[in-house]
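Q: Sharing a model that was predicted from the sequence below.
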Amino acid sequence: MKTRNKLLTLLILAAGDAAATACINKAIKLSAISRHILENESSASLCYHWRFGNIHYTKEGSGKPILLIHDLSPASSGYEWKEFARRLAKDRTVYTIDLLGFGRSEKPNLTYTNYLYVQLISDFIKSEIGHRTDVAATGDSSSIAVMACSNSPELFDRLLLINPESLLSSSLVPGKNARLYKLILDLPIAGTLIYNIACSRKNLTQDFMSRCFCNPYTVNSRLVDAYYEAAHLGASPKSIYASVKCNYTKCNITTALRRIDNSICLFGGAELDGMSETMEDYQNYNPAIETVPVPKAKHLPHLESPARFYELFRPYLEN
């Protein structure tokens, strides 16, 4: 009888803890999306009805098209390009996309892969842009742009890659523990709690101050709130986090780099450790690649100093 009572007590406590954690997760989500920053600051908001989910994007300006693709941080979205896109729109038609699983696009509960995004980018260009286009991509999304261009070069003109990940990093594959880790992250309560901790406002702020921005004093609360909101919108925002953490979005791009005949330019933050070596590695596989060091910059120069980066970036659109 005593054993039975103890088990019953443990079950009641466990159920209570689970219910409390679920309430905390719900409160975090409601708090994160309550400000509607992305909705209020989005101009010319449009929707591409893709076969795996609706894709949010913006279109502004007129002239030759350019597609801007954000990084693959779980909190990333087209907001990353907000101020920079306005400058490009003076003489270009600028498309800014929220990839599936990010920002205001749908976030279905599935495993996100590099190939999935390659298909998305190619389909988006065919359906929504309808012309050969320049593409600018940040960080880990650079491999998506490279693979999509390699598969369908007729859709692309220039590739402009901002702080691409190293070739070694991009070639990582899901390890033997990836399936178990992803299973844990996919748990409705415990997995969501892990995700909420990883994408907390505190951790996002620290990431901006240490990795993304060269000057930590330029990180403001509205910027962090916008990323915090993007990280919690949608049905299953943690799914992309699980896929990225387990390397499902990675792809070895060395063969694609050798094969691509399109113009490629790399912009590397001068204050990022290892970026000069990364750019050299890219040139080893394709000597035609141009490299441009970005002074006083880390991972997101186009978000931290859009005017300064625009002046550096623009000449490479005109060559």
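A: Cool, got the structure.
Q: so where does the residue lying closest to residue 104 once chain neighbours are set aside fall, helix or strand?
A: The shortest distance from residue 104 to any non-neighbouring residue, by CB to CB, 6 or more residues apart in numbering, is to residue 56 (3.9 Å). All C-beta atoms are positioned from the backbone trio N, CA, C, and that covers glycine. Using DSSP states H and E, residue 56 sits in strand 53-60.
Q: helices or strands up against that strand?
A: strand 45-50, helix 82-88, strand 92-97, helix 114-124 (3 or more CB pairs under 8 Å, 6 or more residues apart in numbering; DSSP states H and E).
Q: how about these in a markdown table, adding mean neighbour count?
A: Below are the helices and strands packed on strand 53-60 laid out as a markdown table (neighbours: other CB atoms under 10 Å):
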| stretch | mean neighbour count |
| --- | --- |
| strand 45-50 | 14 |
| helix 82-88 | 20 |
| strand 92-97 | 24 |
| helix 114-124 | 21 |
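Q: Using JSON lines, please lay out these together with distance to residue 318.
A: Formatted as JSON lines, the helices and strands packed on strand 53-60 follow (distance: least, CB to CB, whole Å):
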{"stretch": "strand 45-50", "distance to residue 318": "27"}
{"stretch": "helix 82-88", "distance to residue 318": "12"}
{"stretch": "strand 92-97", "distance to residue 318": "11"}
{"stretch": "helix 114-124", "distance to residue 318": "24"}
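Q: can you redo these as JSON lines with mean pLDDT?
A: Shown next, in JSON lines, are those (pLDDT from 0 to 100):
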{"stretch": "strand 45-50", "mean pLDDT": "94"}
{"stretch": "helix 82-88", "mean pLDDT": "95"}
{"stretch": "strand 92-97", "mean pLDDT": "97"}
{"stretch": "helix 114-124", "mean pLDDT": "98"}
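Q: And the ones you listed: which comes nearest residue 299?
A: When the helices and strands packed on strand 53-60 are compared by CB to CB, helix 82-88 sits nearest residue 299, at 14.1 Å.
Q: name the helices or strands packed onto that closest one?
A: strand 53-60, strand 64-69, strand 92-97, helix 301-304, helix 306-313.
Q: Need those in TSV (columns: distance to residue 120).
A: Output for the helices and strands packed on helix 82-88, formatted as TSV (distance: least, CB to CB, whole Å):
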stretch	distance to residue 120
strand 53-60	7
strand 64-69	10
strand 92-97	8
helix 301-304	22
helix 306-313	24
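Q: nearest to residue 242, of the ones you listed?
A: For residue 242, the closest of the helices and strands packed on helix 82-88 is strand 53-60, at 16.6 Å, according to CB to CB.
Q: do you know which of the helices and strands packed on helix 82-88 lies nearest residue 111?
A: strand 53-60 (13.7 Å).
Q: Toward the C-terminus, what is the element adjacent to the helix or strand residue 191 falls within?
A: Secondary structure from DSSP H and E places residue 191 in helix 190-198. Using DSSP H and E, the helix or strand that follows helix 190-198 in sequence is helix 201-207.
Q: hey, which helix or strand in this protein has the poorest pLDDT?
A: helix 2-33 (a mean of 68; mean pLDDT, DSSP states H and E).
Q: what's the very next helix or strand once past it packed up against?
A: Downstream of helix 2-33, the first helix or strand assigned by DSSP H and E is helix 37-41. When contacts are defined as 3+ CB pairs under 8 Å, 6+ apart, helix 37-41 packs onto helix 221-232.
Q: now the helix it packs on: mean pLDDT?
A: Taken as a whole, helix 221-232 carries a mean pLDDT of 96.
Q: between that helix and helix 190-198, how big is the angle?
A: Helix 221-232 and helix 190-198 are oriented at 160 degrees to each other (axes from the mean of the first three to the mean of the last three CA atoms, to 10 degrees).
Q: Would you mind extracting the C-alpha trace of helix 221-232 into PDB?
A: Written as PDB, here are the backbone C-alpha positions of helix 221-232 (Å, rounded to 0.1, in the frame of the first residue of the first chain):
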ATOM      1  CA  SER A 221      16.000  46.200 -27.200                       C
ATOM      2  CA  ARG A 222      13.700  46.500 -30.200                       C
ATOM      3  CA  LEU A 223      16.100  44.500 -32.400                       C
ATOM      4  CA  VAL A 224      16.300  41.700 -29.800                       C
ATOM      5  CA  ASP A 225      12.500  41.800 -29.400                       C
ATOM      6  CA  ALA A 226      12.100  41.400 -33.200                       C
ATOM      7  CA  TYR A 227      14.400  38.300 -33.200                       C
ATOM      8  CA  TYR A 228      12.700  37.000 -30.100                       C
ATOM      9  CA  GLU A 229       9.300  37.300 -31.800                       C
ATOM     10  CA  ALA A 230      10.600  35.600 -34.900                       C
ATOM     11  CA  ALA A 231      11.900  32.700 -32.800                       C
ATOM     12  CA  HIS A 232       8.400  32.000 -31.300                       C
END
